[in-house]
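Q: sharing a model prediction with you, sequence too.
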Amino acid sequence: MTKNIVLDGLFGLCVADALGVPVEFVSREKLKKNPVRDMIGFGAYNQPPGTWSDDSSLAFCLAESLCKGFNLNNIAQMFCKFLHEAYWTPWSKVFDAGVITRIAIANIRRGVNPVLAGGRSERDNGNGSLMRILPIVFFVKNKKSDDKFRIIAQVSSITHGHIRSIISCAIYVEFAINILKGQDKEEAYENMKDVIIDFYKNEEKELKNFSRILKDDVASFSEEEINSTGYVVDTLEAALWCFLNTSSYKNAVLTAVNLGNDTDTVAAVTGGLAGIYYGFEKIPKKWINQIARKEDIIKLAEKLNKTLE
């Protein structure tokens, strides 16, 4: 039986997301005194343990759409279904959705072309496209750079169209693809840098925003130098830092959650990488068993994995 890489990624993402949901917006200082060590419930949104957020919901919407091939309009309509019909939510209710994403979905419902629906100003660089981009990894893993990065840009632009959000997604996807190909963490990281710097060489000014990732070694920074806010570059740096500085799925995602602030998204972005790297079997079974709609997620992963084989 072939390994289900989609299962690894989707559960890696949603388990980490669910770990972070109860403590979203809690400060790092508070979490240092009372760190998250297990799947807990209630807290920020008063949701039961195992509840994932819009991060996972939108990733699942994207994954389901990809089961029918790549169609940007269909992906956009799935995002609309999430917000307005509570589609792919854990308990048939939307309890969390980003402002920039909500505005983009309103644009789509007004008939705006999906690739133009997302915010394009510098202020629109929240982490809302990075948090849900993971399923694209499986779809573009064998594509040439031009096609791969065009698709990533289009999928990001449904909600986040600024080049900074697009490059953040591209860095994440390229790194994840290298891991899928069996490269170790450091090799995957260095090879990603080369590809991104070469492909976006005409965006030299914009690439300066990613100097800690692309020029330096983000793993070498101290925890105090890592920000865990909803700004897309902060989220990406934090996720890479957590993943590169730990040696198990559990430690990677708990480190991410305990950075505080945007806990669910930093954890989800970290968890997607860690899930792919360590595998579904290495995610604590206790956590998997607590996840809302576990069987539905397994079916989705099996369907997408079979579609892309």
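A: Received it, and whenever you're ready, just let me know what you need. Just so it is clear, the structure is predicted and the values come from calculations on it, not from any experiment.
Q: let me see the contact set for the spatially most central residue of the chain.
A: Central residue of the chain (CA atoms, centre = their mean): Met131, 3.0 Å from the mean position. Met131 makes contact with 54-55, 58-59, 235, 265, 268-269, according to CB atoms under 8 Å, 6 or more residues apart in numbering. Using the backbone N, CA and C atoms, a C-beta is placed for each residue, glycine as well.
Q: tally of neighbours for the residue lying closest to it once chain neighbours are set aside?
A: Excluding the flanking residues, the one nearest Met131 by CB to CB, 6 or more residues apart in numbering is Asp55, at 4.1 Å. As a burial measure, Asp55 scores 32 neighbours (other CB atoms under 10 Å).
Q: please identify the helix or strand for Asp55.
A: Using DSSP states H and E, Asp55 sits within helix 54-66.
Q: in this protein, which helix has the most residues?
A: Across the chain, the helix with the greatest residue count (assigned by DSSP state H) is helix 163-180.
Q: how about the next helix or strand after that one as CSV, C-alpha atoms only?
A: Downstream of helix 163-180, the next assigned helix or strand under DSSP H and E is helix 185-199. Extracted in CSV, the C-alpha atoms of helix 185-199 (Å, rounded to 0.1, in the frame of the first residue of the first chain):
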residue,chain,number,x,y,z
LYS,A,185,15.4,19.5,6.7
GLU,A,186,18.6,21.4,6.1
GLU,A,187,19.0,20.2,2.5
ALA,A,188,15.3,21.0,1.8
TYR,A,189,15.8,24.5,3.3
GLU,A,190,18.9,25.4,1.3
ASN,A,191,17.5,24.0,-2.0
MET,A,192,14.3,26.0,-1.4
LYS,A,193,16.4,29.2,-1.0
ASP,A,194,18.2,28.7,-4.3
VAL,A,195,14.9,28.1,-6.3
ILE,A,196,13.0,31.0,-4.7
ILE,A,197,15.9,33.5,-5.1
ASP,A,198,16.3,32.5,-8.7
PHE,A,199,12.6,32.5,-9.6
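Q: quick one: buried residues of helix 185-199?
A: Within helix 185-199, the residues that qualify as buried are 185, 188-189, 191-193, 195-196, 199, counting by 16 or more other CB atoms under 10 Å.
Q: for the residues you listed, give me JSON lines that also has pLDDT and distance to Thr159.
A: Formatted as JSON lines, the buried residues of helix 185-199 follow (pLDDT from 0 to 100; distance: CB to CB, whole Å):
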{"residue": "Lys185", "pLDDT": "97", "distance to Thr159": "29"}
{"residue": "Ala188", "pLDDT": "98", "distance to Thr159": "27"}
{"residue": "Tyr189", "pLDDT": "98", "distance to Thr159": "27"}
{"residue": "Asn191", "pLDDT": "98", "distance to Thr159": "28"}
{"residue": "Met192", "pLDDT": "98", "distance to Thr159": "23"}
{"residue": "Lys193", "pLDDT": "98", "distance to Thr159": "26"}
{"residue": "Val195", "pLDDT": "98", "distance to Thr159": "24"}
{"residue": "Ile196", "pLDDT": "98", "distance to Thr159": "21"}
{"residue": "Phe199", "pLDDT": "98", "distance to Thr159": "22"}
